[in-house]
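A.B. asks: Here's my sequence, what's the structure:
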Amino acid sequence: MLGYVTIGASDYEKSLAFYDALLAELDGKRVFASDRIQFYGAPKSGMIAVCKPYDGQASTVGNGMMVALAAPSREAVDKTYAKAIEIGAADEGAPGVRVGNFYGAYFRDPAGNKLCVFNM
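C.D. replies: The predicted model follows:
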């Protein structure tokens, strides 16, 4: 059902470097772009895009907004979370079981956007 989600970036190049490294952990790579937006995709997955806000204003973090990235295994959750922290993310919750068989980890990218990487 989900096609794609966009994440605003005031420091576009810094954000692209972060997402290049992070999404590679989940087989994600750059798929297409324009001068203000970069889309990433992975096999059998929706897309995530990093963009300069269309209105030219600074990007802001939405309160309660979070992007969740599906991982193929708990080991992939652990590895992706570790990569996120290594490349500058802020910890919002180490990997672990949250509810039932939901295994997830939470972090914020350098721009303050909250992400979860999970496996169910």
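
A.B. asks: looking at this, residue 18 is in a helix?
C.D. replies: Yes: assessed by DSSP: H, G, I helix; E, B strand; the rest coil, residue 18 belongs to a helix.

A.B. asks: Would you check that it makes contact with residue 86?
C.D. replies: No: applying Cβ atoms under 8 Å, one finds residue 18 not in contact with residue 86, separated by 10.7 Å. C-beta: built from backbone N, CA, C; applies to glycine.

A.B. asks: more neighbours, those two?
C.D. replies: Shown here are residue 18 and residue 86; by other Cβ atoms under 10 Å, residue 18 has more neighbours (21 against 10).

A.B. asks: Look up how far residue 102 lies from that one.
C.D. replies: 25 Å (Cβ to Cβ, to the nearest Å).

A.B. asks: that's a strand at residue 59, yeah?
C.D. replies: No: Residue 59 is assigned coil when assessed by three-state DSSP, not a strand.

A.B. asks: how many other residues sit next to it?
C.D. replies: Other residues within reach of residue 59, judged by other Cβ under 10 Å, total 20.

A.B. asks: okay, stretch 84-100 in CSV with CA atoms only?
C.D. replies: Output of stretch 84-100 as CSV, limited to C-alpha atoms (Å, rounded to 0.1, in the frame of the first residue of the first chain):
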residue,chain,number,x,y,z
ALA,A,84,23.0,4.4,11.9
ILE,A,85,24.7,5.2,15.2
GLU,A,86,28.1,4.8,13.6
ILE,A,87,27.3,7.4,10.9
GLY,A,88,25.8,10.0,13.2
ALA,A,89,22.3,9.0,14.3
ALA,A,90,21.0,9.7,17.8
ASP,A,91,19.8,6.7,19.8
GLU,A,92,16.0,6.6,20.4
GLY,A,93,15.8,3.0,21.6
ALA,A,94,18.2,0.1,21.2
PRO,A,95,17.2,-3.1,19.3
GLY,A,96,14.8,-5.4,21.2
VAL,A,97,11.4,-7.0,21.3
ARG,A,98,8.6,-4.4,21.8
VAL,A,99,5.3,-6.2,21.4
GLY,A,100,4.7,-9.8,20.4
